[in-house]
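1. A predicted structure for the sequence below; I have some questions about it.
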Amino acid sequence: MIMAIAIKSIPTLKNTDAKAFIKKAETSSKKRATVDFRKHVVTSHAILDKAKLK
Amino acid sequence: MNFLANKCTFSVLNEEVINSSSLFDCGHPDLNDFFTTDCIAYSKELLGKSYCFRLDTDPSVIVCAFTVSNDSVKVNFLPNSRKKKLVKSIPQIKQFRSWPAVLIGRLGVNQAFKNIGIGRELMDFIKSWFINHNNKTGCRFLVVDAYNEPQPIQYYKKNNFEFLFSTEEQEKKYMGILTEDQLKTRLMFFDLIVLFS
């Protein structure tokens, strides 16, 4: 079982939480496109083609 | 991503699919209820759209299902003096106070298919779907409100999600939950920008 629940909105981050989040986002930006996901993207195309969903 | 790609077909989880499916059991009553009834109302109200993978050999079997909604991660930033200092090192904040995100509102894997990597395949598919060149909107983050229990938290961590708030105390404060009360869910996020497609 893997789960996630309640569809609730994400609260607006403030002050130190906002700062921490932005730093994480910036760190990720520096690592832009460093995780090779091409194989998964190809598979997802195949899944969507088979489903006739794009 | 072999089982879902080779042995299942992806589809919208709509009334027709639900009516032609056997009972979906991911081991959690609330999620089961949602995927068998409530998801239709959510979809009609445009609050969230649900999808599933069905077994090719028996399409009445739903292997896994999830619901996604548009959302965003918003920051209300620092006082001016601190802001200036940070702007210098982080130019993006000049432009972005809100990042587009997709909220994975619900996600469940049929208990009959657990421990064969379906959860990982499903998350890889969701990530791929939102960095797909055919995606109609921009999306920087995947966000999930995960049950604050070891198994789901471990699942999202294994899929490289991070907590939106570093401590439960912080998250309780934002959510208006009393310190002594239990935090039932944790907001977690994954930054899609790291993925190379």
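-> Nice, I can see it. Numbers count the residues shown, from 1 in each chain, chains lettered A, B, ... in the order given.

2. ok, for residue B:138, nearest residue in space, not its chain neighbours?
-> residue B:100 (5.1 Å; C-beta to C-beta, 6 or more residues apart in numbering or on different chains). Glycine gets a C-beta too; all of them are placed from N, C-alpha and C.

3. That neighbour contacts residue B:136, doesn't it?
-> No. Counting by C-beta atoms under 8 Å, residue B:100 stays clear of residue B:136, with 11.7 Å between them.

4. which of those two has more neighbours?
-> residue B:100 (16 against 7; other C-beta atoms under 10 Å in any protein chain shown).

5. For the more buried one, list the residues it contacts.
-> Contacts for residue B:100 (C-beta atoms under 8 Å, 6 or more residues apart in numbering or on different chains) come out as B:70, B:72, B:137, B:138, B:139, B:140, B:141.

6. CSV for those residues, including secondary structure?
-> Formatted as CSV, these follow (DSSP: H, G, I helix; E, B strand; the rest coil):
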residue, secondary structure
B:70, strand
B:72, strand
B:137, coil
B:138, coil
B:139, coil
B:140, coil
B:141, strand
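
7. In CSV, list those along with neighbour count and pLDDT.
-> Output for the contacts of residue B:100, formatted as CSV (neighbours: other C-beta atoms under 10 Å in any protein chain shown; pLDDT from 0 to 100):
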residue, neighbour count, pLDDT
B:70, 14, 93
B:72, 18, 94
B:137, 8, 87
B:138, 9, 91
B:139, 20, 94
B:140, 21, 96
B:141, 24, 97
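
8. Confidence-wise, which helix or strand of chain B is lowest on average?
-> helix B:92-95 (a mean of 50; mean pLDDT, DSSP states H and E).

9. That one: what's the following helix or strand?
-> strand B:98-109 (DSSP states H and E).

10. That following strand: partners in the sheet, and parallel or antiparallel?
-> Using DSSP bridges, the strands paired with strand B:98-109 are strand B:62-76 (antiparallel), strand B:141-147 (parallel).

11. for the chain, longest helix please?
-> Chain wasn't specified; assuming chain A. helix A:15-30 (DSSP state H).

12. that's the other chain; I wanted chain B
-> Under DSSP H, chain B gives helix B:118-131 as its longest helix.
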